[in-house]
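> Got a sequence here, can you model it:
(2 chains)
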Amino acid sequence: MAGGAASGGSATSDAYAPARGWLLMPAWLVLGIVVVAPVFLMLIYSFLTKEFRGGVIWEFSLEAYDQFFFDRGLFGDEPPTIQWAYIQIFWRSIWQATLATVLALLIGFPTAYFIATRPVQQRTVWVFLITIPYWVNLLIRTVSMRFILRDQGPLNDFLQWIGVIAEPLTIINTNIGVQLGLFYSYLPFMVLPLYAAIERYNFALSEAAADLYAPRRKILTRVVLPAVKPGVIAGCILVFVPSLGSFLAPDLLGGARNFMIGSLIDEQFRGSAGNWPFGAAAAMILLTLVLMVLMVLARQQARLEKGAG
Amino acid sequence: MTDERPIAIDIRQVIKRFGDFTALKEVSLGIRDNEFFTLLGPSGCGKTTLLRMIAGFEDVTAGAIYLYDQEIARLPPNKRPINTVFQNYALFPTMTVLENVGFGLEMQGKPRSEANRRAGEMLELVQLTQFAHRKPSQLSGGQQQRVALARALAPQPRGLLLDEPLSALDMKLRKSMQIELKHIQRETGITFIFVTHDQEEALTMSDRIAVMSAGEVQQLGSARDIYEHPRNMFVADFIGDTNLVEVSVDRIGGGHATCNLGGGYMLSCEAVEGVGTGSRVHLSVRPERLFLSTERTGPEALRGRVVENIFIGTDITTILDLEAGQRFRVRASNSDRGNQRVFEPGQDVFVNMERGAARLLID
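Now for the predicted structure:
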């Protein structure tokens, strides 16, 4: 704030201060309705007692969190032991989301680099082409993925036809299926921020590095990547976070054994489990986890920007 | 004496085309060892393209570039022992000043301790030791410029290319950097190839200058050569201030040409190869080689009337209309006011010329 005032226009900002307060009201209203209220509601629900087959009883209870972390036996009367089942689902989700993010980065970076190095008038066309598949509903795209990747699907047929494999690969109902699904669902969220960062990158820096005897690999790791790091971080967050909470790809491509947090929560509200407080508690734990990851990344980015001046 | 030095960078019949556009039309230049060589020309003349080809950022369409005895035109930039100071410095923003300067050495495989030591020495040379651990964005433009210079010099290249490195600096800083660059070139003994569109900068710093225009070298020579004996219209007009007059050559003999300005006025000057009797060509006369007087001082004095005096600090430029019809500029040193060389507008005066001041140009 002090910096803003020092950079001039402090007299104007004083004069418009009340008006600005009112003008910002719509923004605050929208944020309140779509962000604060739902999260707050979920927080409250997670501390309520469950009603059989959905809904809640307005009575304070820690049972949902207890159920998440502790196992008290079938009738709830045994001494508590750690409940590994849900932690395992969380762990698997984080792992799956991480691999999907890495995959998206490996494919997304060259793609973004390619687009950013095209002539200016071509770039928009390339970005447009990247987004075209995403005009189709995610459910339909995921079902198509299932069709393409299945044992007797086009991918296996093709690989067998060119002779790379003898027997069809089983991809559906495996971790790899889930990762491919997640990667495919969120790839543009990786490509677009990377593209924005690389487009702003000063390619004279690459020339300078080459001039100073750096081979291509060193130019990438020592000069390009550090310079576009904010874009890499943004892309990773945008792929990792929705992947972590996703339930379409795990359900349709992973099957029962590759259950993820998103599916677990989905089950509590829509599915047969029908335990709203437990679903809300799982969602709150997921939110806390994501916030922690984001805070670490944000701090790192802040340090980076401070270093850059 | 300078002719004794071996050729460091030899550009042989180099051509560069971008699609249909020819940026360089068969350029040949021999840049000597330990020389401060300048490529001078307006923007779009091909000077930066030529520099980028020497560095390896552009490939040659035809021709060859030799660095001493090695053909380098087909080597990638990281295999050429030539470094560049970029126009906007291109310092690595995520590295400190010391890391920037040590980068080239590190990439050459020198151990980090040695790279740091040598980078430290380079920072001493450009007087930036106390900024070693800052990021480039925390430095002023002039300081960034020095870092770029130190970074390019650190690996001890066999040639240093400078692409308009001073154009982003203010005038005062530019002047002091010009002297410092020249000084560093002498001290390090590295061959410098300097690209600029600023003729004054080129005249101040260079051992030799290649004046370029439209993808061709128009003239190659020392600063004095180019200023005093411009070969053609372009060079005379581009370098310094000059009066260009269209004349017809009446007579040539004894190494001299007699030129007719019209209105019965004649001027004699040195004959030039390529200009024959009867041709209509241009004559260049530098304004500082002319002086005004109330009395006729020689047979070739021209008559004119003062239009305006322009005071520019060290000098006074007088604009006058000649009786022969042309408009001339005459420059007198400010200290000449006492010698009655400056006259009021409206006054009729004689314009006198030192012998050899007029120069015939081929078009």
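
> Sketch out the low-pLDDT regions of chain B for me.
Within chain B, the ranges that satisfy pLDDT under 70 run B:1-3, B:336-341.

> what does it have sitting close to chain A?
Neighbours of chain A within chain B, by C-beta under 8 Å from any C-beta of the partner chain: B:55-57, B:76-79, B:82-84, B:86, B:88, B:90-95, B:103-104, B:107-108, B:135, B:137-138, B:151-152, B:155. Using the backbone N, CA and C atoms, a C-beta is placed for each residue, glycine as well.

> Quick one: the helices in the stretch 201-350 of chain B, in order.
Applying DSSP state H, counting those that start in this stretch to the stretch 201-350 of chain B gives helices spanning B:223-228, B:233-238.

> Equivalent analysis for the stretch 51-200 of chain B, please.
Using DSSP H, counting those that start in this stretch, helices in the stretch 51-200 of chain B cover B:97-107, B:112-125, B:141-153, B:171-188, B:199-205.

> any chance of those helices in CSV, with mean neighbour count too?
Shown next, in CSV, are those (neighbours: other C-beta atoms under 10 Å in any protein chain shown):
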stretch, mean neighbour count
helix B:97-107, 25
helix B:112-125, 17
helix B:141-153, 23
helix B:171-188, 15
helix B:199-205, 19
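
> Out of the helices of the stretch 201-350 of chain B, which one sits most buried?
Of all the helices of the stretch 201-350 of chain B, helix B:233-238 has the most neighbours on average by mean count of other C-beta atoms under 10 Å in any protein chain shown, namely a mean of 20.

> so what secondary structure elements neighbour that one?
Applying 3 or more C-beta pairs under 8 Å, 6 or more residues apart in numbering or on different chains; DSSP states H and E, we find helix B:233-238 packed against strand B:208-213, strand B:216-221, strand B:243-253, strand B:280-285, strand B:358-361.

> can you list the weak-confidence ranges in chain A?
Low-confidence segments of chain A (pLDDT under 70): A:1-14, A:304-309.

> What parts of it come near chain B?
A:202, A:204-205, A:207-215, A:218, A:222-223, A:226-227, A:229, A:304, A:307-309.

> what about the residue nearest to the spatial centre of chain A, distance to chain B?
Closest residue to the average C-alpha location of chain A: A:Val241 at 2.3 Å, with C-alpha atoms, centre = their mean. Taking C-beta to the nearest C-beta, to the nearest Å as the measure, A:Val241 falls 26 Å from chain B.

> quick one: A:Leu225 is in a helix?
Yes. If the criterion is DSSP: H, G, I helix; E, B strand; the rest coil, then A:Leu225 is within a helix.

> any idea how far the nearest residue to it once chain neighbours are set aside is from B:Phe18?
Once flanking residues are discounted, A:Leu225 sits nearest to A:Val232: 7.1 Å by C-beta to C-beta, 6 or more residues apart in numbering or on different chains. Per C-beta to C-beta, to the nearest Å, A:Val232 is found 33 Å from B:Phe18.

> So for these two, which residue has more residues nearby?
The neighbour count for A:Val232 versus B:Phe18, taken as other C-beta atoms under 10 Å in any protein chain shown, is higher for A:Val232 (20 against 10).

> What is the helix or strand where the more buried one lies packed up against?
Here A:Val232 is covered by helix A:225-245, with elements defined by DSSP states H and E. Identification of packing neighbours for helix A:225-245 by 3+ C-beta pairs under 8 Å, 6+ apart yields helix A:84-116, helix A:175-200, helix A:261-269, helix A:276-308.

> go with 10 Å
helix A:84-116, helix A:175-200, helix A:204-211, helix A:261-269, helix A:276-308 (3 or more C-beta pairs under 10 Å, 6 or more residues apart in numbering or on different chains; DSSP states H and E).

> angle of it against helix A:84-116?
Interaxial angle, helix A:225-245 versus helix A:84-116 (axes from the mean of the first three to the mean of the last three C-alpha atoms, to 10 degrees): 140 degrees.

> Kindly format the C-alpha coordinates of helix A:225-245 as CSV.
Taking C-alpha atoms only, helix A:225-245 is exported to CSV below (Å, rounded to 0.1, in the frame of the first residue of the first chain):
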residue,chain,number,x,y,z
LEU,A,225,13.4,-22.8,-17.0
PRO,A,226,14.5,-20.4,-14.3
ALA,A,227,13.1,-17.5,-16.3
VAL,A,228,9.7,-19.1,-17.0
LYS,A,229,9.4,-20.7,-13.5
PRO,A,230,6.3,-18.6,-12.5
GLY,A,231,4.5,-20.1,-15.5
VAL,A,232,5.6,-23.6,-14.6
ILE,A,233,4.4,-23.2,-11.0
ALA,A,234,1.1,-21.7,-12.2
GLY,A,235,0.6,-24.6,-14.7
CYS,A,236,1.4,-27.2,-12.1
ILE,A,237,-1.1,-25.8,-9.6
LEU,A,238,-3.8,-25.6,-12.2
VAL,A,239,-3.3,-29.2,-13.2
PHE,A,240,-2.5,-30.7,-9.7
VAL,A,241,-5.5,-29.1,-7.8
PRO,A,242,-8.4,-30.2,-10.0
SER,A,243,-6.6,-33.6,-10.6
LEU,A,244,-6.6,-34.2,-6.9
GLY,A,245,-10.3,-33.7,-6.5
